[in-house]
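J.: need coordinates for the following:
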Amino acid sequence: MITLEYMIYATCFCLIFGGLSFKFRAVDLSGFIAGVFVGIPIIIFGGFKFFFILAFFFITASIATKFKYEEKSRKGVAEKNKGARSYINVLGNGIVASFFAVLYYVGPIYFNLNSNIFLLGFLGALATAAADTAGGEIGRLSHYKPRLITNLKVVETGSDGGVTLLGELAELIVAFLIGIAAYFAGLGDARMILITGVAGFIGANIDSIIGATFETWYDFFGNNHTNITATIAGGILGSVLHFF
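T.: Numbering: from 1, shown residues only. All right, here's what the predicted structure looks like:
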């Protein structure tokens, strides 16, 4: 049962974690605020194990962003503000996972649905966000030009929808790392690792496809729209794979 005391604990915990993230310049002020609003419902409805996965994703994403930042900066493909993420990035990567955490709690109560459906949706969404971030950040360090995922034509580094073998490998590894983290957090058995890894890897490539199409074709469709759409796809895929 969710109590007022538990909600206060959740809020304080998110404020502390967000404050540390801001202190170490992983997020800017807007990213800190957005992170608190994403993290609170995840703890309240999913528990601290869910938040552990969110924190693990955030740490891996921050490491990938900061990794060889100067080299990426010289190439002109580094994240702005020295890699500190804004509210747009935080919400784009985390809002869908937060929604799945809420469904994890209310689904069995109000809809008589198995909570594991939404657990795997949560993991699939976060694995997609983590894999996409790692693939983009590590892939930019490739010695070879990326190829557009839709037609395999060579494009400039940092182009929307551009992929490299190095980036794809990073996506695969990080997607499965999210599943491994969930396994060691006690959220499920070994099958969870496979489902999370597959959902995250496919979701990250869906992100690239959307980037090469909608984000390129339409001015109003930005990177945050791409992230949200891809994490929805990864989350739904994780939920669907539960049945197989």
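
J.: hmm, residue 212 is touching residue 152, no?
T.: No. Here residue 212 lies out of contact with residue 152, judged by CB atoms under 8 Å, at a distance of 10.8 Å. C-betas here are computed from N, CA, C, even on glycine.

J.: of those two, who's got more company?
T.: Counted by other CB atoms under 10 Å, residue 212 and residue 152 do not tie: residue 212 has more neighbours, with 21 against 9.

J.: who are the contact partners of the residue nearest to that one when sequence neighbours are not counted?
T.: Nearest residue to residue 212 in three dimensions, chain neighbours excluded: residue 161, at 2.4 Å (CB to CB, 6 or more residues apart in numbering). By CB atoms under 8 Å, 6 or more residues apart in numbering, residue 161 lies in contact with 148, 149, 150, 155, 208, 209, 210, 211, 212, 213, 215, 216.

J.: which helix or strand in this protein has the lowest average pLDDT?
T.: Across the helices and strands of the chain, mean confidence by mean pLDDT, DSSP states H and E is lowest for helix 69-75: a mean of 89.

J.: tell me the buried residues in stretch 217-237?
T.: Of all the residues in stretch 217-237, those buried under the rule 16 or more other CB atoms under 10 Å are 221, 223-224, 226-237.

J.: let me see the confidence value for the residue nearest to residue 212.
T.: Predicted confidence (pLDDT) at residue 161: the value is 94.

J.: give me phi/psi at it?
T.: Main-chain torsions, residue 161, degrees, to the nearest 10: phi 90, psi 0.

J.: for residue 158, same thing?
T.: According to degrees, to the nearest 10, residue 158 has phi 90, psi 0.

J.: for it, which non-adjacent residue is spatially closest?
T.: residue 77 (3.9 Å).

J.: then residue 224?
T.: Leaving aside its sequence neighbours, residue 224 sits nearest to residue 92 (CB to CB, 6+ apart; 3.8 Å).
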